[in-house]
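Trainee: Fold the following, please.
(one chain, ligands or ions: 1)
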Amino acid sequence: MKEPLIHTQDLRYSYGNQEVLKGLNLEIPKGSIYGFLGPNGSGKTTTIRLLLGLLQPKKGSIHLFGQDLWQHRLPALQKVGALIEMPSLYRHLSGKDNLEVMRRQLGLEKSRIDHVLQVVRLSQEANRLVKHYSLGMCQRLGIALALLSDPELLILDEPTNGLDPSGIREMRELLKDLNQEHGKTIFLSSHLLSEIEKTVTHLSIIHQGKMAFEGAVQDLAHVASTATGVEVEVDNVFLAQEILQQNGYVTTVKEGHWVTIPVKDKHEVAALNHLLVGQGIAVSGLSYAQQNLEDLFLALTEKTPISVETTASPTLSLV
Ligand SMILES: Nc1ncnc2c1ncn2[C@@H]1O[C@H](COP(=O)(O)OP(=O)(O)OP(=O)(O)O)[C@@H](O)[C@H]1O
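Mentor: The predicted structure follows:
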């Protein structure tokens, strides 16, 4: 794997006696849209503040672009654009003037303003006062401000928070565009899987300061399916159940000729198929039972016991 753009090892942070992060290991691949998910209060904003050098870790390390953040803070952070929750905007100024203030502070070329307005699709609204902007437009202006210096990496804290469904859709399209057309690696946090599952390529789930899952989106989908087991269509349900139960499997008859069996991994699927066929049962259908990703997310973050084991990658630990 290429050097990740963000790499943390055993990252820990406490506010007083309250330990909020308990050893986070994050790897954000270059070119990804990486979703950092967790319920309210799980430590997402604290992690983002640490990644931006706004807080200093009590223990562990943070590498940005392959370099230790605290030893190379300035050069590392020059390649990062960030938006933490609500952007700080001058509401009595237009969107364009807000960008102009920042452009002068950073000493950038004037042409950057029209460019970023176009990227976030605010060119038409550039001269309107920000106090007349919708929440979605304010968020997009916040991203435009983060993009002014043309950073390689964008770190966004809950960019869809409070947006209505059309605002969420616009944000989703903007993030994909920034990633695919403009080459930005994006790290974004959210407490709602449903808001970002269609956008991200990778994700991790943080729960009580620890990582509950890290991997590609399809890995979570795979975990979601193996979490509930396989459904097998057989010619003789009663005999199939008897054979499976005698061999230690827990079975449920779903409907018609389908039996559901919890499984650990794909090897177990092959083994139970072999077992049934070997005992003369005709297996005419076999598929993973679908669990919705949102249910799995809740199971991972609400301590609902589901027993899943995966192979080496992705990382999944159920608490
Ligand atoms: N400045 C602070 N002083 C003391 N405790 C804090 C401070 N900031 C956050 N916390 C506590 O640390 C924990 C994690 O907070 P954090 O804001 O990082 O979580 P979060 O996942 O971003 O939550 P949310 O989705 O609600 O923004 C919470 O229990 C919170 O109350």
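Trainee: Ramachandran coordinates for residue 286?
Mentor: phi -150, psi 120 (degrees, to the nearest 10).
Trainee: The longest helix along the chain: which residues count as buried?
Mentor: Longest helix in the chain by number of residues (criterion: DSSP state H): helix 165-180. Residues of helix 165-180 classed as buried: 167-168, 170-172, 174-176, 178-179 (neighbour count, 16 or more other CB atoms under 10 Å). The C-beta positions use only the backbone N, C-alpha and C, and glycine is treated the same way.
Trainee: I'd guessed residue 204 sits against residue 36; true?
Mentor: Yes. Residue 204 lies in contact with residue 36 (CB atoms under 8 Å); the separation is 5.9 Å.
Trainee: quick one: which of the two has more around it?
Mentor: residue 36 (29 against 24; other CB atoms under 10 Å).
Trainee: do you know how far residue 235 is from residue 283?
Mentor: 8 Å (CB to CB, to the nearest Å).
Trainee: who has more neighbours, these two?
Mentor: Neighbour count, other CB under 10 Å: between residue 235 and residue 283, residue 283 has more, with 15 against 12.
Trainee: who's in contact with the one helix or strand residue 105 maps to?
Mentor: If you go by DSSP states H and E, residue 105 is part of helix 95-106. Residues from elsewhere that reach helix 95-106, judged by CB atoms under 8 Å, 6 or more residues apart in numbering: 89-90, 93, 110, 112-113, 116-117, 122, 125-128, 130, 133, 137, 141, 144-145, 148-149.
Trainee: again with stretch 196-203
Mentor: With CB under 8 Å, 6+ apart as the criterion, stretch 196-203 contacts 28-29, 32-37, 160, 172, 175-176, 188, 190, 213-217, 220, 293.
Trainee: Would you mark the buried spots in it?
Mentor: 196-197, 199-203.
Trainee: now, which of the residues you listed sits nearest the ligand?
Mentor: residue 196 (13.2 Å; CB to the nearest ligand atom).
Trainee: Can you pull the phi/psi pair for the residue of the stretch 101-250 of the chain found nearest the ligand?
Mentor: At 4.8 Å from the ligand, residue 191 is the closest residue in the stretch 101-250 of the chain, using CB to the nearest ligand atom. The phi/psi pair for residue 191 (degrees, to the nearest 10) reads phi -100, psi 0.
Trainee: For burial, what's the neighbour tally of it?
Mentor: Neighbours around residue 191, by other CB under 10 Å: 17.
Trainee: And it, how close does it get to residue 38?
Mentor: Residue 191 is 6 Å from residue 38, by CB to CB.
Trainee: Give the intersection of the neighbour lists for those two.
Mentor: In contact with both residue 191 and residue 38: residue 44, using CB under 8 Å, 6+ apart.
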